[in-house]
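> Quick one: sequence and predicted model below, then my questions.
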Amino acid sequence: MDELLEISDQLIRSTDTTFKRYLFDQIDWNERLIGIKGARGTGKTTLVLQYLKENQSLGKKVAYFSLDELYFLSNNLVDAAKDFYQSGGNILVVDEVHKYGNWSREIKNLYDRYPNLQLIFTGSSIIDITRVEGDLSRRAVINELHGLSYREYLAFQHGMQFPTVVLDQLTSDRVSLQELFPEDFKPLQYLKDYIRNGYFPFSGTNEEMYYKKLRQLVRTIVEYDMAEIKGFDIRNGKKILQLLYIIAQQVPFKPNITALSEKTQIHRNSLSNYLLYLSEARLIDLQYPAGISISMLQKPEKILLNNTNFLFAISEKTPEKGTVRETFFNSLVKVNHRINLSTSVDFLVDDKYQFEIGGKNKSRKQIKTENTWIVKDDLEFPAGNSIPLWIFGFLY
C-alpha cells in the first residue's frame, strides 16, 4: 500500500497543469462518483492527475491507483481504498478499470460505504456503464474524452489560445466569426499538420514515429482492450485488424457484409458485432441515415475512420482529399452533436442542419435543399452560404 501511495505522489508531482483538455471544465467535479471513458491516448490519465494536483495544493489528501499495477493481482481495490480512506483520504482516482475484473461492483461498494470519499474512475471507451455489474448507471456521471480539437491542438502545440464556437454561430448570418480572432490569425497555417498528426496529445515525436505509435495503439486496443468485452474471442484479434485495414484502404466505405465476410473469413453474424466493437473502441465511425440507431444492429450505410490521423497512419496510400474532409468534419462535430447521413447532401446534424463538404469548386448550384451550408477546406472565413472547414475544429 505504501508503494502505491508513493507512485501516486510521484505521478501527481510530475504532472504539468499548463494545458488542460476541454473536458476538464465540462466535468462537474462536485459529483461524488465520476466516470471518464475514452480511447487510448486521448489524455484521461493526465486529466485526472491534474485534478488531483489542484486539490492536493488545497490541502486535500488525494491518491491515484492504476488497476493494471501488479499490486492488484494479489490485492483488491476495496481494501486499498479502505486503508486510504481511514488514513484521511478525500479523493481517490481509479484508472484503467476495464483491466480489473470486479471493478464496477467494488466501486459501487466503496460509493455506498464511504459517503465522504469522492471516487473518480477512468476506462476504455468500450465500457458500457449500463451493462456492467453493480448498477453504476444510477450513481455515476459518465463523461467521454475525445482527441484534440483543432482549437486544442493550436493551444497544445503552439500556445495559441482561442474561444470555442457553437454550431448556431456557424450557421447564423448575424454573427461575424472573424471578429472572434485577431487580425493576424491565419487559420489554415497549421491545419494540414493537425490533420496529419494533431489529434492525439503525443509530443516530441516526428511524423514517422507518431504513425508508428498510432499503429501500435490500434493493435493494443484490438488485442488487449477488446479482450475485456464479454463474449469476445481474442483469437479473432488478427481478423479484426485485417478488417480495420481493409476499411482503411477504402473509406468512405460502403460495406458489403457478404464480401467482407468472405475476405476476412469472419462469419456474417460476428462481423456486425466486430464493426460495432471497432466503433465503440473509437477506431471507426458507423454512419446511418436519420432514424436508424446502432443498437438496432442495422448494416451501416457508410464507414469512416475515427479521425484523420488514423487515415494517414493506417492507409497504404495518401488519402483522397474528399475522404480527409469528411473524416475531419465528422470526427469533430460528433463530439457534441448527432450526425446522420443525408439523402441530399453529405451530413445531417441534429436533424436540422445539412452540410455538403467540398473544396473551392463546390457551389450552391449543387444544393437543392434549404437550411443547407457548403463547407470548404480552402476558405479562411465564411463567405455567403459557405463555411470554412477548419472552424468546425473549434466546437470544443
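That came through, no problem. Fair warning: this is a prediction, and the values are worked out from it, not measured in the lab.

> could you give me the average pLDDT of the longest helix along the chain?
Assignment by DSSP state H gives helix 207-223 as the longest helix of the chain. The average pLDDT within helix 207-223 is 92.

> And for stretch 374-385?
Averaged over stretch 374-385, pLDDT sits at 90.

> can you check stretch 329-343 too?
Averaging pLDDT along stretch 329-343 gives 94.

> And that stretch, end to end?
Terminal residues of stretch 329-343 are spaced 18 Å apart (C-alpha to C-alpha, to the nearest Å).

> where's the nearest residue to residue 284 once chain neighbours are set aside, which helix or strand?
Excluding the flanking residues, the one nearest residue 284 by C-beta to C-beta, 6 or more residues apart in numbering is residue 278, at 4.7 Å. Any C-beta I mention is one placed from the backbone N, CA and C, and that applies to glycine too. Counting by DSSP states H and E, the element that carries residue 278 is helix 268-280.

> what's in contact with that helix?
With C-beta atoms under 8 Å, 6 or more residues apart in numbering as the test, helix 268-280 has contacts from 125-126, 128, 226, 229, 232, 236, 239-240, 243-244, 255, 257-258, 260-261, 264, 266, 284-286, 294, 297, 299-300, 303.

> circling back: next helix or strand past the longest helix of the chain?
Sequence-wise, the next helix or strand downstream of helix 207-223 (DSSP H and E) is helix 237-250.

> Run through the residues that contact the spatially most central residue of the chain.
Geometric centre of the chain, nearest residue: residue 146, 2.6 Å, by C-alpha atoms, centre = their mean. Contact analysis of residue 146 by C-beta under 8 Å, 6+ apart lists 38, 39, 42, 282, 331, 335, 396.

> Compute the distance between residue 319 and residue 21, please.
Distance of residue 319 to residue 21, computed by C-beta to C-beta, to the nearest Å: 26 Å.

> ok, the two, which is more surrounded?
Each of residue 319 and residue 21 has its neighbours counted (other C-beta atoms under 10 Å); residue 21 has more, 24 against 21.

> Torsion angles phi and psi at that one?
Backbone torsions of residue 21, given as degrees, to the nearest 10, read phi -70, psi 160.

> And the one 4 residues further on, by the same measure?
With angles defined as degrees, to the nearest 10, residue 25 sits at phi -80, psi -10.

> Neighbours of it, how many?
Residues lying near residue 25 (other C-beta under 10 Å) number 8.

> Identify the residues contacting it.
Counting by C-beta under 8 Å, 6+ apart, residue 25 touches no other residue.

> For residue 122, which residues are in contact?
Contacts of residue 122 (C-beta under 8 Å, 6+ apart): 35, 36, 37, 38, 44, 45, 48, 93, 94, 95, 96, 97.

> Try it again at 6 Å.
Applying C-beta atoms under 6 Å, 6 or more residues apart in numbering, we find residue 122 in contact with 36, 44, 95.

> now residue 61
Counting by C-beta under 6 Å, 6+ apart, residue 61 has contacts 88, 89, 90.

> swap the cut-off to 8 Å and go again
With contacts defined as C-beta under 8 Å, 6+ apart, the neighbours of residue 61 are 87, 88, 89, 90, 91.

> could I get those residues as CSV with pLDDT?
Putting these into CSV (pLDDT from 0 to 100) gives the following:
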residue, pLDDT
87, 95
88, 96
89, 96
90, 97
91, 98
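
> So which of these are in helices?
Those of those lying in helices (DSSP H): none at all.

> Weed out the non-buried ones from those residues.
89, 90, 91 (16 or more other C-beta atoms under 10 Å).

> Closest one to residue 116 out of those, please.
Nearest to residue 116, judged by C-beta to C-beta, of the buried ones among the contacts of residue 61 is residue 90 at 7.6 Å.

> Skipping its backbone neighbours, what lies nearest the closest one in space?
Using C-beta to C-beta, 6+ apart, the closest residue to residue 90 is residue 60 (4.3 Å).

> contacting residues for residue 232?
By C-beta under 8 Å, 6+ apart, the contact list for residue 232 reads 226, 277.

> Over to residue 136. Which of the three states is it?
Here residue 136 is recorded as coil under DSSP: H, G, I helix; E, B strand; the rest coil.

> Can you give me the separation between it and residue 161?
For residue 136, the distance to residue 161 - C-beta to C-beta - is 36 Å.

> Of the two, give the one with the bigger neighbour count.
The residue with more neighbours, out of residue 136 and residue 161, is residue 136; 21 against 8, by other C-beta under 10 Å.

> and the gap between the more buried one and residue 52?
Separation of residue 136 from residue 52 (C-beta to C-beta): 21 Å.

> what's the answer for residue 219, then?
The gap separating residue 219 from residue 52 is 30 Å, by C-beta to C-beta.

> Those two - which one has more neighbours?
residue 52 (22 against 14).
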